[in-house]
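**Q** Just the structure for this:
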Amino acid sequence: MNDLERMRAGEWLYAITPEIGSALRHAEELCFQLNGLAPSRREERDAVVRRLFGRVGRNCVLHSPFHCDFGMQITIGDDFVGNFNLTILDEAPVTIGDHVFIGPNVGIYTVNHALLPDQRNAGLMRSLPVTIGSNVWIGGNVVITQGVTIGEGSVVGAGSVVTRDIPAGVVACGNPCRVLRPVTDADRVAMGPQ
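**A** All right, here's what the predicted structure looks like:
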């Protein structure tokens, strides 16, 4: 098993290696290309995103600036919107479902570094996957930490720090993020005549 495979598998490893460094530089180059393209150059932007990510569904809107570590470990479903300053540290897989909206300044972090300074300085780290179900809305300035799953149809309020799984169909917020209540039909917005 090589270092990238060990990293994806969630093993503790010393991640300062030529193989990992090369993969990081490749993703950084693609992020730089993406962030340098005007929003009006949609086809070119889409092509870069598809080269960067492991899988992308249809109708992916990703506003610049965007940053990630590897890209190849990110899977995005259909009808995705990622707002400005989205950062995904994808040392482990990040799986995002269909119809997901992510607000500005959101960080998704799969990596954790050793607590002892000598081990941390030597590059000892571990990564765990993050999964975001379909029809999820993540508010602005949210941080999602390693190993977290956010269930389908949930809403995570702005400024939350998600350190534990969030079940499906709930409104959750806070630091640490906690479930406030279920999403119900009472949340339906009443629309006037059109």
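
**Q** C-alpha only now, for contacts and for neighbours.
**A** Fine.

**Q** For Val179, which three-state class applies?
**A** Per DSSP: H, G, I helix; E, B strand; the rest coil, the local secondary structure of Val179 is strand.

**Q** ok, then the element right after the lengthiest helix in the chain?
**A** Using DSSP state H to assign secondary structure, the helix with the most residues in the chain is helix 18-36. Proceeding N to C from helix 18-36, the next assigned helix or strand is helix 42-52, under DSSP states H and E.

**Q** Centre of the chain to that next one, how far?
**A** 17 Å (Cα atoms, centre = their mean, to the nearest Å).

**Q** Buried residues, that helix. List them.
**A** Taking 16 or more other Cα atoms under 10 Å as the neighbour-count basis, helix 42-52 is seen to contain the buried residues Arg45, Asp46, Val48, Val49, Arg50, Leu52.

**Q** Could you point out which of those is nearest to Val111?
**A** Top of the list for closeness to Val111, among the buried residues of helix 42-52 and by Cα to Cα, is Leu52 at 19.0 Å.

**Q** For the residue lying closest to the closest one once chain neighbours are set aside, grab the count of nearby residues.
**A** Spatial nearest neighbour of Leu52, chain neighbours left out: Gly71 (5.1 Å); criterion: Cα to Cα, 6 or more residues apart in numbering. In terms of burial, Gly71 registers 28 neighbours under the definition other Cα atoms under 10 Å.

**Q** quick one: Gly71 and Pro93 touch, right?
**A** No: applying Cα atoms under 8 Å, one finds Gly71 not in contact with Pro93, separated by 9.2 Å.

**Q** Sketch out the low-pLDDT regions of the protein for me.
**A** Residues of the chain meeting the criterion pLDDT under 70: none.

**Q** For it, which segments are assigned as helices?
**A** Secondary structure of the chain, counting by DSSP H: helices at 3-8, 18-36, 42-52, 117-121.

**Q** Name the surrounding residues that touch the second one.
**A** Residues from elsewhere that reach helix 18-36 (Cα atoms under 8 Å, 6 or more residues apart in numbering): 3-4, 45, 48-49, 51-52, 64-71.

**Q** just the residues you listed now: which is nearest Met191?
**A** Taking Cα to Cα as the measure, Met191 lies nearest Ser64 of these, at 32.1 Å.

**Q** thinking again about what came up before, need the helices of the chain in JSON lines (columns: distance to Asp165).
**A** Formatted as JSON lines, the helices of the chain follow (distance: least, Cα to Cα, whole Å):
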{"stretch": "helix 3-8", "distance to Asp165": "20"}
{"stretch": "helix 18-36", "distance to Asp165": "28"}
{"stretch": "helix 42-52", "distance to Asp165": "27"}
{"stretch": "helix 117-121", "distance to Asp165": "26"}
